[in-house]
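Participant: Let's see this in three dimensions:
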Amino acid sequence: MFSRLIIGCMRWGIWGSNLNKNQTSQLIETCIEEGFTSFDHADIYGDYTTEALFGSALEDMKLDRTQIQLISKCGIVLKNETNIKHYNYDFDYIVKSVEQSLKNLHTDYLDMLLLHRPSPLLNPEVVAEAFQKLKNDGKVKSFGVSNFSTTQFELLNQFVNLETNQIEISATEPKAFFDGTLDQVMSKNLSPQAWSVLGNYFSNENKNLTEIVKSLAEKHNVEEDLILLSFILKHPSKILPIVGTTNIKRIKNYNKAFDIKLNTEDWFKILEASRGKEVE
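Facilitator: Below is the predicted model:
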């Protein structure tokens, strides 16, 4: 249903590259040409402006909607002059958030809607009711969550058919390999989605990890970011990485990651360097 690599749009607008409409169109076109047809959004990105930027470009491109897959998220309410930052999973809020995302993206439906973060006040029955309405109305095809623990996922999954958990996974943040989240989605034959797949590799001070990744990049004759991607891709849960770059050259390079076959020992070298200790 989704491309093997998902394009994250969080930094396309004012939170990052501040692309104009023409640049956005060019970036969308490049992604599609490379086979990366799935785009990850959230209502809050760019202080609620990035979906509209993307949608404006999409409208001008006159693409066949079935060529691409659009993912969005709801539930986080950003701080402003009148309210603090909080979460809202009330029925009306979920439905209205999706309707606004559809308007912004100039589309009739989302391929997937995710709840952005778990809330202590989340009522699974209310969420299930909102999801059912959105599905019945043809506004959302499938549903999932983001940043949910295994127990939070399991609770909501009793009320609605969840199809993914989008979580942080990288060589510098490998906890998902051990906390049960990947085991859970594998047991349900689901593909997890991973955000921040490069982690803080390019800004961290883990010299041992840098040395290992650089040596593997030389071994495979590729750039370091492709080794970091291949580390994610080797996991048997068939993780769908979300990449956030707006650099066209890097996007055109990403398909090489699927050709890199890290051997098992090299994978564990990265893990050991990241954690600072060998496996038990």
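Participant: Using the three-state scheme, assign residue 53.
Facilitator: At residue 53 the chain is in helix, as set by DSSP: H, G, I helix; E, B strand; the rest coil.
Participant: This protein: helices as residue ranges?
Facilitator: 21-33, 45-48, 50-61, 91-105, 124-136, 150-157, 181-187, 207-220, 224-233, 248-253, 264-275 (DSSP state H).
Participant: wait, which of those is closest to residue 173?
Facilitator: Residue 173 lies closest, by CB to CB, to one member of those: helix 264-275, at 8.2 Å. Backbone N, C-alpha and C define where each C-beta goes, glycine included.
Participant: elements contacting that closest one?
Facilitator: Applying 3 or more CB pairs under 8 Å, 6 or more residues apart in numbering; DSSP states H and E, one finds that helix 264-275 contacts helix 207-220, helix 224-233.
Participant: hey, which of those helices is tucked in deepest?
Facilitator: Highest mean neighbour count among those (mean count of other CB atoms under 10 Å): helix 224-233, with a mean of 23.
Participant: Tell me what angle that one forms with helix 207-220.
Facilitator: Inter-element angle recorded for helix 224-233 and helix 207-220: 100 degrees (by axes from the mean of the first three to the mean of the last three CA atoms, to 10 degrees).
Participant: chain center to helix 224-233, what's the gap?
Facilitator: Relative to its chain's centre, helix 224-233 lies at 16 Å (CA atoms, centre = their mean, to the nearest Å).
Participant: thought residue 40 was touching residue 6?
Facilitator: Yes. The pair residue 40 / residue 6 is scored as a contact, 5.2 Å apart, by CB atoms under 8 Å.
Participant: who touches residue 169 in this structure?
Facilitator: Counting by CB atoms under 8 Å, 6 or more residues apart in numbering, residue 169 touches 176, 177, 182, 192, 194, 195, 196, 197, 232, 239.
Participant: picking up where we left off before, show me the one of the helices and strands packed on helix 264-275 that comes nearest residue 162.
Facilitator: Shortest distance between residue 162 and the helices and strands packed on helix 264-275, using CB to CB, is found for helix 224-233: 21.1 Å.
Participant: Check which helices and strands the closest one sits against.
Facilitator: Applying 3+ CB pairs under 8 Å, 6+ apart, one finds that helix 224-233 contacts helix 207-220, strand 240-243, helix 264-275.
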